[in-house]
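[1] need coordinates for the following:
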Amino acid sequence: MTISVGAAAAPPMERRSRVRWVMIWLAFAGLTIAYVDRANLSVALPYMTNDLNIDPALSGLLLGAFFWTYSLFQIPMGWLADRFGSRMLYAAAIAWWSLITVAMAAVRGVGTLIGARLLLGVGEAAAFPACTKVVERWFPRHERGTASGIYDSGARGGTLLATPLVTALIAGVGWRGSFVITGALGLIWAVFWLKMYREPRDHPKVNAAELAYIEAGQAQDTADVVDGRQLRWRDLLRYRTVWGMALGFSCQSFVIYFFITWFPSYLVEARGFSLLSLGVFGMIPAITAFIGNFVGGWATDALVRRGHSLTFARKSCIVGGMLVSSLIGLAALVDSSAVALALLSLSFGGVTFATSSIVTLPADVAPVSTRPWASTIQGVQNSVSNLAGVASPFVIGLIYSSTGSFAGGLLAAGGVAVVGCLVYLFVVGDIEPLEVKDQPQSTAAPVR
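    Below is the predicted model:
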């Protein structure tokens, strides 16, 4: 009997750990808390008006003050995320805005309230750039859409949670107590974040199989790094694709801010919804939007896994979602309130479907350089898009006050959504790292 002697059997392959998903769900929780803190004033304002003698004309100023600093600090916070990473920045930012939220319980007048809202915007400006950095560091390219959809859905989750949570808190402990409790949630989260978040190579729970999987999927991001390829953050503004992303995201914001600001008034004033109907049926678009984030992230990654180019995978989902979001204009033309609500639900779901790919783009196109730039690019597109978000409720409100109808504003939003499709198709270039021209090492401008 012959016994064949061969090579020793290979050891069983180590099962991959899944720590990256824990990290992105932590990022999701942070963004959810951010949107609860942001929306707290909107829910509490009717109860604060008598105590603080707030003139109704100042309510819009109070609510809008947040967005000025939020937009202004997006780029600096993106730079900080690229320079120092997400761990300390995200923790410091949420501790900052949580303390400001707690401090709002002690305000005695409009001036201090406006100041608190401005400071809140400074802290929350770090949220999206920090989450972008988490995706860039922890996920291979073919999972970044799903990861981005998860963290971005925190915006929808926070908005959904804010109204029932803050209303219950106000009923139980008053409006001042509501600020204390929601602010405390962020401080607790910051402790968990500092304890649990590390870079992939430094995390004790990441095994070799998961680390290899992450790094293999990121190989394209680092394969071409060479000495001398440096640029400053302002050099990013020379790229047509970066401006296209900012303009396209602005179109998304124009649509989505209707749902954040005017949507309840539209249902009541244009469609005759009662308060009860508003509370029940008005949640449907928000739920659809929450689901849209997850489906959009999964869809774009599925296209990548099936062999489609990154350009096709991202742009097809963005354009498809934005086209569906243009149904907001059709909602203005139908007689049936139920059909209008269905169209608005599809519109909100479509725009968040697109958003999962939109917020993934900065990590996809960040130029290969001696320093990462994904979070800074996220800051650029967020900064410009939030200015459009501020303009959206003003424009829709102006049309409504001039015509007595929301139809013109909804049609305008639908048109802007179509413009966004064209921007992503023809202004944004191929979805790949932006080319950085070689510079001699001795004359390269320092990164600042």
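
[2] care to break the protein down by domain?
    Annotated domains of the chain cover 18-217, 233-435 [automatic domain parsing].

[3] from Ser345, how far off is Ile291?
    From Ile291 across to Ser345, the span is 10 Å (C-beta to C-beta, to the nearest Å). Glycine gets a C-beta too; all of them are placed from N, C-alpha and C.

[4] counting neighbours, go ahead and name the busier of the two.
    Neighbours per residue, other C-beta atoms under 10 Å: of Ile291 and Ser345, the larger number sits with Ser345, 21 against 15.

[5] and the pLDDT for the more buried one?
    With respect to pLDDT, Ser345 has a value of 95.

[6] I figured it hits Thr288, correct?
    Yes: counting by C-beta atoms under 8 Å, Thr288 is a contact partner of Ser345 at 4.4 Å.

[7] look up how far Val304 lies from the residue sitting nearest the centre point of the chain.
    Closest residue to the average C-alpha location of the chain: Asp152 at 4.5 Å, with C-alpha atoms, centre = their mean. According to C-beta to C-beta, Asp152 stands 18 Å off from Val304.

[8] packing partners of the helix or strand Ala130 falls within?
    Taking DSSP states H and E as the definition, Ala130 sits inside helix 127-138. Packing partners of helix 127-138 (3 or more C-beta pairs under 8 Å, 6 or more residues apart in numbering; DSSP states H and E): helix 19-52, helix 74-84, helix 86-103, helix 144-196, helix 361-365, helix 374-403.

[9] which one of those has the most crowded surroundings?
    Ranked by mean neighbour count, these are led by helix 361-365 with a mean of 27 (mean count of other C-beta atoms under 10 Å).

[10] without its sequence neighbours, what residue ends up closest to Asp364?
    Of all residues not flanking Asp364 in the chain, Ile431 sits nearest, at 5.0 Å (C-beta to C-beta, 6 or more residues apart in numbering).

[11] ok now do Val428, which residues does it touch?
    Thr241, Gly244, Met245, Gly248, Lys315, Leu361 (C-beta atoms under 8 Å, 6 or more residues apart in numbering).

[12] neighbour-wise, which one of those residues leads?
    When neighbours are counted by other C-beta under 10 Å, Leu361 leads these with 30 neighbours.

[13] state the helix or strand in which the closest residue to that one other than its chain neighbours lies.
    Nearest residue to Leu361 in three dimensions, chain neighbours excluded: Met245, at 5.6 Å (C-beta to C-beta, 6+ apart). Counting by DSSP H and E, the element that carries Met245 is helix 240-261.

[14] state the mean pLDDT of that helix.
    On average, helix 240-261 scores 92.

[15] give the contact list for the closest residue to Leu194 other than its chain neighbours.
    Using C-beta to C-beta, 6+ apart and skipping the chain neighbours, the partner closest in space to Leu194 is Ala91 (5.0 Å). Applying C-beta under 8 Å, 6+ apart to Ala91 gives the contacts Ala190, Trp193, Leu194, Tyr197.

[16] state the distance from Ala91 to Ser326.
    Separation of Ala91 from Ser326 (C-beta to C-beta): 39 Å.

[17] equivalent analysis for Pro264, please.
    Taken as C-beta to C-beta, the span from Pro264 to Ser326 is 22 Å.

[18] the two: who's more crowded?
    More crowded of Pro264 and Ser326, by other C-beta under 10 Å: Ser326, with 22 against 16.

[19] OK, contacts around the residue nearest to Ile396 when sequence neighbours are not counted?
    Using C-beta to C-beta, 6+ apart and skipping the chain neighbours, the partner closest in space to Ile396 is Gly409 (3.5 Å). Applying C-beta under 8 Å, 6+ apart, we find Gly409 in contact with Phe258, Trp262, Ala332, Val395, Ile396, Gly397, Ile399, Tyr400.

[20] can you check Val166 too?
    Counting by C-beta under 8 Å, 6+ apart, Val166 has contacts Val36, Ala39, Asn40, Val43, Ala44, Ser178, Thr182.

[21] other SSEs contacting the helix holding Met245?
    Counting contacts by 3+ C-beta pairs under 8 Å, 6+ apart, helix 240-261 packs against helix 283-305, helix 310-325, helix 337-358, helix 361-365, helix 374-403, helix 407-426.

[22] need those helices in a markdown table (columns: distance to Ser59).
    As requested, the helices and strands packed on helix 240-261 are exported to a markdown table (distance: least, C-beta to C-beta, whole Å):
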| stretch | distance to Ser59 |
| --- | --- |
| helix 283-305 | 22 |
| helix 310-325 | 28 |
| helix 337-358 | 24 |
| helix 361-365 | 34 |
| helix 374-403 | 13 |
| helix 407-426 | 20 |
